[in-house]
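**Q** turn this into a model:
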Amino acid sequence: MQAFSQLYQTLDQTTSVNAKVAAMVSYFQLACARDAAWAVYFLSGRRLKRLVPVGILRDCLRQTSELPEWLIDETYTNVGDLAETIALLVAEPGKADDELSLADWVENHLLSLRGLPAEQQQVLIRQWWERLNYEQCYIINKLMTGALRVGVSELLLARAVAHTADLPRALIVHRLMGEWTPDQAFWHRLVDEDDGEAVNSRPYPFYLASPLQSQPIDLGPVEHWIAEWKWDGIRAQLIRRGGESYLWSRGEELIGARFPEIVDATRQLPDGTVLDGEILPWNSQGIMPFAQLQRRIGRKNVGKKLLTEVPCLFLAYDLMEHEGEDIRQQPLGSRRRSLEEIINVLGQDRLRLSTDLRTTSWEQLAAERQTSRERKVEGLMLKHRDSSYATGRKRGFWWKWKVEPYTVDAVMIYAQAGHGRRASLFTDYTFGVWQDDVLVPIAKAYSGLDNSEINELDRWIRRNTIERFGPVRSVASEQVFELAFEGINRSSRHKSGIAVRFPRITRWRKDKAARDADSLETIMRLIDDPA
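**A** Numbers count the residues shown, from 1 in each chain. Below you'll find the model as predicted:
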């Protein structure tokens, strides 16, 4: 555990990519296979699910620290992280490092918490806290709460493992995809030489488009590009191998049970086929709001009623594997022709092909883009016809040319402290617009301000707090901000009657008074007239 704790501290304290890779390589070179496997598990963003309720941890903290609950709450509010709060209040400085390895801690201690009565869980947890120093207590708490986050992307992790094993990074990325168990056998499979192994259910790493900031005319002749509508759905891969079908989300989750009509449509796909595309809610009138798709996302299994109310389809726009062969290095134009043949032969209503908007000029394509909102899409995707299917966000070949976001001027009405390094600052804000003479909340946002603006606003919030509701502060209705968001729909779950997608702050409107902010009626008109 000492080695993993030191690795975590190094990763958390540096922003240097090379330093992070070097730290991980050093760890993997010295760690045993079991420890290395668990380290990969946690660094890739996976976590131990539901080991112990947070309430039990708080009870243990109150009993161990013997501090009043109000003081614990105030400490937590200022620290912003439960694992760190616990370590600060219960761990004694100067204790020797615990000698158990990461794998021993996870397999023989942490996982043993599952299924135990609350009283036994509390006894074990308090015993652990008493024997650990601050750094290790902090890590153990992070693992128990499932909140071990560190600034390492999967590509960066794959780079470190690839360097350790002297293998191509793309191979490591592929091996990390899908479901696997963090044990000694997994680590050996991860770093062994490439023997051409194939796991039927395993997806490929996704290729991600970059936002287009300039005019597309800078990309060269329009005929060199495939243009498709940018739909607002769930990015996914459809896999047909070994007589079985698998549907993976971009978040590496098997979601076939939530979309059985799509899985059923793939049973006629030839073996050795992998499609990249988008899951969309689609009925006889066409595309449905994303809010309807969310009803399907939140279910492990979907009943007949929901299947009828929110039917879905898979819109395919790339072919990654054909007749069992990885064809990602072939030009997109060639992959597209093979994809068209497969989809056309199937003739499945729930498995369709994305439209290639063939135009003769960028001006004509720009005019098409202006119709995006009425088509209920986010803009256009531009993909070079000669591009291979890369890994991650490789710039220059795939672009997303989105329409300008919706914008409104709203008043900040609530503020809450952030987490981690921002725990001492108010960085999470709730905004409202006018309904008659009352401000009704429409969105929460925490991104878009620079550090100087955050510090200035934090000082203002502290001086202008009206009421406190736990960690939330109600503030004077004076500060106006321009908010941008990608989509807007009616919602019976929200007091305002609307729900917005991906809200963020674009400007602090110091030039505007609160009375000049937008009204709910104005926003409702955006739904009725999106153009």
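
**Q** pretty sure residue 399 sits in a strand.
**A** Yes. Counting by DSSP: H, G, I helix; E, B strand; the rest coil, residue 399 is located in a strand.

**Q** who is it paired with across the strands?
**A** Beta-bridge pairing for residue 399 (DSSP bridges): residue 210, residue 382.

**Q** burial count for residue 123?
**A** Residues contacting residue 123 under the criterion other CB atoms under 10 Å number 13. All C-beta spots, glycine's among them, are computed from the backbone N, C-alpha and C.

**Q** distance of it relative to residue 131?
**A** 13 Å (CB to CB, to the nearest Å).

**Q** with residue 16 instead?
**A** Relative to residue 131, and taking CB to CB, residue 16 is found at 34 Å.

**Q** quick one: which of those two has more around it?
**A** Set residue 16 next to residue 131 and count neighbours by other CB under 10 Å: residue 131 wins out with 14 against 9.

**Q** state the distance from that one to residue 255.
**A** According to CB to CB, residue 131 stands 42 Å off from residue 255.

**Q** and what of residue 64?
**A** For residue 64, the distance to residue 255 equals 41 Å [CB to CB].

**Q** kindly report the same for residue 490.
**A** Distance from residue 490 to residue 255, by CB to CB: 26 Å.

**Q** between these two, who's got more neighbours?
**A** Shown here are residue 490 and residue 255; by other CB under 10 Å, residue 255 has more neighbours (19 against 14).

**Q** dump the residue contacts of that one.
**A** Counting by CB atoms under 8 Å, 6 or more residues apart in numbering, residue 255 touches 234, 236, 247, 248, 249, 297.

**Q** please apply the same query to residue 506.
**A** 407, 448, 481, 482, 483, 484.

**Q** assign the first one to helix, strand or coil.
**A** Spelled out, that is residue 407. Following three-state DSSP, residue 407 is assigned to strand.

**Q** now do the second one
**A** Classification of residue 448 into helix, strand or coil gives coil, according to three-state DSSP.

**Q** from residue 404, how far out is it?
**A** As defined by CB to CB, residue 448 lies at a distance of 16 Å from residue 404.

**Q** next one: stretch 179-199 to chain centre, how far?
**A** Stretch 179-199 sits 25 Å away from the centroid of its parent chain (CA atoms, centre = their mean, to the nearest Å).

**Q** same question for stretch 34-53.
**A** For stretch 34-53, the separation from the chain centroid amounts to 17 Å (computed by CA atoms, centre = their mean).

**Q** quick one: contacts of it?
**A** Residues from elsewhere that reach stretch 34-53, judged by CB under 8 Å, 6+ apart: 3-4, 7, 11, 24, 27-28, 31, 101-103, 106-107, 110-111, 113-114, 118, 121, 125, 143-144, 146-150, 152, 154, 157, 161, 176, 182-184, 186-187, 190.

**Q** any weak-confidence spans in the stretch 51-200 of the chain?
**A** 194-198 (pLDDT under 70).

**Q** what's the neighbour count on the spatially closest residue to residue 289 that is not a sequence neighbour?
**A** The shortest distance from residue 289 to any non-neighbouring residue, by CB to CB, 6 or more residues apart in numbering, is to residue 489 (4.7 Å). Close neighbours of residue 489, defined as other CB under 10 Å, add up to 14.

**Q** which one among the contacts of residue 506 gets closest to residue 88?
**A** Ranked by distance to residue 88 (CB to CB), these are led by residue 448 at 31.1 Å.

**Q** can you tell me how far that closest one is from residue 485?
**A** From residue 448 across to residue 485, the span is 11 Å (CB to CB).

**Q** comparing these two, which residue is more hemmed in?
**A** In terms of neighbours (other CB under 10 Å), residue 485 is the more surrounded of residue 448 and residue 485; the figures are 21 against 17.

**Q** was I right to think that one contacts residue 500?
**A** Yes. Assessed by CB atoms under 8 Å, residue 485 is found in contact with residue 500 at 4.2 Å.

**Q** the residue nearest the centre of the chain is in what secondary structure piece?
**A** The chain has residue 251 as the residue nearest its centroid, 7.0 Å off, counting by CA atoms, centre = their mean. Following DSSP states H and E, one finds residue 251 outside all helices and strands.

**Q** only alpha carbons, please: show the helix or strand containing residue 130 as PDB.
**A** For residue 130, the host element (DSSP H and E) is helix 118-131. Extracted in PDB, the C-alpha atoms of helix 118-131 (Å, rounded to 0.1, in the frame of the first residue of the first chain):
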ATOM      1  CA  ALA A 118     -23.000  -2.400  10.300                       C
ATOM      2  CA  GLU A 119     -21.500  -3.100  13.800                       C
ATOM      3  CA  GLN A 120     -18.800  -5.400  12.400                       C
ATOM      4  CA  GLN A 121     -18.100  -2.900   9.600                       C
ATOM      5  CA  GLN A 122     -17.600  -0.200  12.200                       C
ATOM      6  CA  VAL A 123     -15.200  -2.300  14.300                       C
ATOM      7  CA  LEU A 124     -13.000  -3.100  11.300                       C
ATOM      8  CA  ILE A 125     -12.900   0.400   9.900                       C
ATOM      9  CA  ARG A 126     -12.000   1.900  13.300                       C
ATOM     10  CA  GLN A 127      -9.200  -0.700  13.700                       C
ATOM     11  CA  TRP A 128      -7.800   0.200  10.300                       C
ATOM     12  CA  TRP A 129      -7.800   3.900  11.000                       C
ATOM     13  CA  GLU A 130      -5.900   3.400  14.300                       C
ATOM     14  CA  ARG A 131      -3.000   1.500  12.500                       C
END
